[in-house]
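Chemist: My questions are about this predicted structure, shown below with the sequence.
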Amino acid sequence: MAALTYQGTIDVFRGETVSVHSYSSPEAGEFVRSQIIETPHSLIVVDVQLSRQYAAEVRRYAESLGKPISRVIISHMHPDHWLGIDAFKDLPLYALSEVIGHLEMLGDFWIGLKKEELGDQIPDQKVIPQHVLQEGEEVIDGVKFVFRKVTQAECLANLMIELPEVKTLLPQDLVYNNIHLFVGELHGENRDILCFDGWIKTLEQLKTEDFELVIPGHGDPTDSSVFDRSIGFLKDAQQVFETAKDHQEFKARLIELYPHYKLPMLLDMSVLTLYKLM
């Protein structure tokens, strides 16, 4: 049988009873990471990519492992992490209640917006997770998971998953590695609270915890040193926002500060809300 080939890349981290297979799409898919958590008898998929093409690769790789997918988890409502959901709609879909609520309210908007850009790569209809994921500890197939919810940070509600047995954190988009962070989320009833303070507070807490492996939502797997790098970027972005004369200066100054960071288009997306351009 011919070896399976993928446009994305896959990193595998093996533990005694739990392993993580981490798929990253190429730049065209915004380097989004889907995590496939392998327990003794089943798989859990976390996030399903921006488009049908890369979602299909994640599904194909998961099926190559020869174990059933027991659940698919959507970590947050940003479209690059759930628009590939068509490829998994036959499986049990889970998300935080806040994420389900936002997908019900804004799913059609995101589908329409992204179809203009990506056409048939985007599903025709939204698919809403039918299961509410609860915060806290849960043992699944003999493996301890810790599901943690974070609000007022990168998104209105972000899910992090801890695997204590292997000292691993899957923070999804609460951590980016060498990629410009999306800092355009607005919080509060009047959408007048910026993401910076809440996000930095979360990362400062994570610095005090004992993680050996951190697999971000965008960028390469890394270690706990990524928390300081992310805090530094957020503090710089906050300072630049407070002093830049307009959105063009905001983007230019951050690119100057972080010339090696990928996906400057995330700065373009950030300024849409920061500078009320939409």
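Modeler: Arrived safely.
Chemist: Show me the helices in the stretch 1-150 of the chain, by range?
Modeler: Taking DSSP state H, counting those that start in this stretch to define them, one finds helices in the stretch 1-150 of the chain at 52-64, 97-118.
Chemist: could these go into a markdown table alongside distance to residue 217?
Modeler: C-beta coordinates here come from the backbone N, C-alpha and C atoms, glycine included. Shown next, in a markdown table, are the helices of the stretch 1-150 of the chain (distance: least, Cβ to Cβ, whole Å):
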| stretch | distance to residue 217 |
| --- | --- |
| helix 52-64 | 14 |
| helix 97-118 | 14 |
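Chemist: for those helices, which one ends up most surrounded?
Modeler: Ranked by mean neighbour count under mean count of other Cβ atoms under 10 Å, those are led by helix 52-64, which reaches a mean of 20.
Chemist: before we move on, the earlier item: in JSON lines, list the helices of the stretch 1-150 of the chain along with distance to residue 237 and mean pLDDT.
Modeler: As requested, these are exported to JSON lines (distance: least, Cβ to Cβ, whole Å; pLDDT from 0 to 100):
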{"stretch": "helix 52-64", "distance to residue 237": "27", "mean pLDDT": "98"}
{"stretch": "helix 97-118", "distance to residue 237": "24", "mean pLDDT": "96"}
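Chemist: Between those helices, which one is closest to residue 177.
Modeler: For residue 177, the closest of the helices of the stretch 1-150 of the chain is helix 52-64, at 18.5 Å, according to Cβ to Cβ.
Chemist: same for that closest one, what does it pack against?
Modeler: The contact analysis (3 or more Cβ pairs under 8 Å, 6 or more residues apart in numbering; DSSP states H and E) places helix 52-64 against strand 19-24, strand 33-38, strand 43-46.
Chemist: What count of nearby residues applies to residue 41?
Modeler: By the criterion of other Cβ atoms under 10 Å, residue 41 has 10 neighbours.
Chemist: Let me know whether it touches residue 69 as I believe.
Modeler: No: between residue 41 and residue 69 there is no contact under Cβ atoms under 8 Å: 11.6 Å.
Chemist: which residues does residue 21 contact?
Modeler: Neighbouring residues of residue 21 by Cβ atoms under 8 Å, 6 or more residues apart in numbering: 10-13, 35-36, 38, 61-62, 65.
Chemist: change it to 7 Å
Modeler: 10, 12, 36, 38, 61 (Cβ atoms under 7 Å, 6 or more residues apart in numbering).
Chemist: wait, which of those residues is closest to residue 212?
Modeler: Out of the contacts of residue 21, the member with the shortest distance to residue 212 (by Cβ to Cβ) is residue 12, at 15.8 Å.
Chemist: can you tell me how far that closest one sits from residue 142?
Modeler: As judged by Cβ to Cβ, to the nearest Å, residue 12 and residue 142 stand 20 Å apart.
Chemist: One more: residue 267?
Modeler: 43 Å.
Chemist: What of residue 197?
Modeler: From residue 197 to residue 142 the distance is 39 Å (Cβ to Cβ).
Chemist: Over to residue 50?
Modeler: For residue 50 relative to residue 142 (Cβ to Cβ), the value is 33 Å.
Chemist: Those two - which one has more neighbours?
Modeler: residue 50 (25 against 11).
Chemist: Appreciated, that's everything.
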